[in-house]
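1. Got a sequence here, can you build the structure:
(one chain, ligands or ions: 1)
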Amino acid sequence: MNATTTSPLLEVRDLCVDYDVGGALAWRRRALRVVRGISFTIAPGETYGLVGESGSGKSTTGRAILRLADVSAGTITFAGSDIVGLGRTAPLSYRGAVQAVYQDPVGSLNPRHRVGQAVTDALARHGVTDRTERRRRAAAAFEQVGLGTEHLTRLPSELSGGQLQRVAIARALVLSPRLVVCDEAVSALDLSTQAQILDLLRDRQAETGVSYLFITHDLGVVRHIAHQVGVLRAGELVEQGTTSRVLDAPSHEYTKKLLAASLSPHPAGRESRRAARIAARGGVAA
Ligand SMILES: Nc1ncnc2c1ncn2[C@@H]1O[C@H](COP(=O)(O)OP(=O)(O)OP(=O)(O)O)[C@@H](O)[C@H]1O
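-> This next block holds a predicted model:
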């Protein structure tokens, strides 16, 4: 995918987002700028990975694009149209075209509703009035994310974390979005389930041309899925470019630091090596 030859689907220019902090007392309140003039584009069918450590402003950027956070300065253009001027009451067409998948699918599912209803409700909200049609499209969406239709009538508590994330993806994709903001969408999953979900997202992209803004702190995930990567530090994009360029030949010190941290032994890795040492000693912890 060559972003230079295609008009961008999403164009973010000099975006700034402030939060009001300081509580209820007027004299304590002030604006805290957490996104500081960032610019990037996402082409149709492309995945842009937004990485950075905790608190760097990744989710806030996603929320601004989803029109869930107010934009303090800068522009966001989607398919050639300004969306900042829409305020937080973006029209239904925009809310259908730009979907989100979050880290915790359980939080967005009603524990008392069958999971298929999450998908049929999304279709109903977006104007699909015919019940049979909603059911047909929900079943097709489940199949597209690798869930048999028997799962439609399950409760959230009857599904695994990976299956629940597939439901969340089905709910997002059933509306045929042009962009999906995936905010730490695989972070809560074990490694093999992560790989399956990433493959699923890539397959759906190859088939439909959907774009992803993939927000993650995990550089391994970004390498697997993103065409372009932007590195956020304290609300500023310090480096961006193709995934191979940024990850294999980083130019900014902060990117090098992130890469070094991602290569250092993971605490879980240290734990499993410790368990192996204990097992080798006959199962007695030192
Ligand atoms: N509603 C809010 N009000 C005030 N400050 C906020 C609000 N939401 C986030 N922040 C602050 O904005 C900064 C950026 O937060 P954000 O969640 O965008 O970062 P992030 O990079 O996504 O972090 P993480 O990876 O931990 O989710 C942080 O300092 C955070 O404390």
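2. the bottom helix or strand of the chain by mean pLDDT?
-> Every helix and strand of the chain was ranked by mean pLDDT, DSSP states H and E. The lowest is helix 267-280, at a mean of 40.
3. could you point out which element follows the host helix or strand of Ala124?
-> Element membership of Ala124, judged by DSSP states H and E, is helix 115-125. Moving toward the C-terminus from helix 115-125, the next helix or strand (DSSP H and E) is helix 131-144.
4. What residues sit buried inside that following helix?
-> In terms of neighbour count (16 or more other Cβ atoms under 10 Å), helix 131-144 has its buried residues at Arg134, Arg135, Arg137, Ala138, Ala139, Ala141, Phe142, Gln144. In this view, the C-beta of every residue, glycine as well, is placed from N, C-alpha and C.
5. want to try TSV for these, with distance to the ligand and pLDDT as columns?
-> Formatted as TSV, the buried residues of helix 131-144 follow (distance: Cβ to the nearest ligand atom, whole Å; pLDDT from 0 to 100):
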residue	distance to the ligand	pLDDT
Arg134	33	96
Arg135	36	96
Arg137	32	96
Ala138	30	96
Ala139	34	96
Ala141	28	94
Phe142	29	95
Gln144	29	89
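6. Serialize these to JSON lines and add fields for distance to Val21.
-> Output for those, formatted as JSON lines (distance: Cβ to Cβ, whole Å):
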{"residue": "Arg134", "distance to Val21": "42"}
{"residue": "Arg135", "distance to Val21": "46"}
{"residue": "Arg137", "distance to Val21": "43"}
{"residue": "Ala138", "distance to Val21": "41"}
{"residue": "Ala139", "distance to Val21": "46"}
{"residue": "Ala141", "distance to Val21": "40"}
{"residue": "Phe142", "distance to Val21": "42"}
{"residue": "Gln144", "distance to Val21": "42"}
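7. What is the nearest of these to Val174?
-> Ala141 (4.1 Å; Cβ to Cβ).
8. give me every residue that touches the closest one.
-> Val119, Ala170, Arg171, Leu173, Val174 (Cβ atoms under 8 Å, 6 or more residues apart in numbering).
9. which residues sit in contact with the nearest residue to Gln103 once chain neighbours are set aside?
-> Spatial nearest neighbour of Gln103, chain neighbours left out: Glu184 (4.0 Å); criterion: Cβ to Cβ, 6 or more residues apart in numbering. Counting by Cβ under 8 Å, 6+ apart, Glu184 makes contact with Tyr102, Gln103, Ile215, Thr216, His217.
10. The first one: how many residues sit nearby?
-> As a burial measure, Tyr102 scores 20 neighbours (other Cβ atoms under 10 Å).
11. does the nearest residue to it once chain neighbours are set aside have beta-bridge partners, and which?
-> Sequence neighbours aside, Asp183 is the residue nearest to Tyr102 in space, at 5.2 Å (criterion: Cβ to Cβ, 6+ apart). On the basis of DSSP bridges, Asp183 is bridged to Tyr102, Ile215.
12. Contacts only, for Asp183.
-> Lys58, Ser59, Gly62, Ala100, Val101, Tyr102, Gln103, Ile215.
13. Next up, the contacts around the most centrally placed residue in the chain.
-> Taking Cα atoms, centre = their mean, the centroid of the chain lies closest to Cys182, which sits 1.3 Å from it. Cys182 is in contact with Ala100, Val101, Leu201, Tyr212, Leu213, Phe214, Ile215, counting by Cβ under 8 Å, 6+ apart.
14. Can you lay out the residues you listed as a markdown table showing neighbour count?
-> As requested, the contacts of Cys182 are arranged in a markdown table below (neighbours: other Cβ atoms under 10 Å):
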| residue | neighbour count |
| --- | --- |
| Ala100 | 23 |
| Val101 | 23 |
| Leu201 | 24 |
| Tyr212 | 25 |
| Leu213 | 27 |
| Phe214 | 31 |
| Ile215 | 26 |
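15. Looking at those, which is nearest the ligand?
-> Ile215 (6.6 Å; Cβ to the nearest ligand atom).
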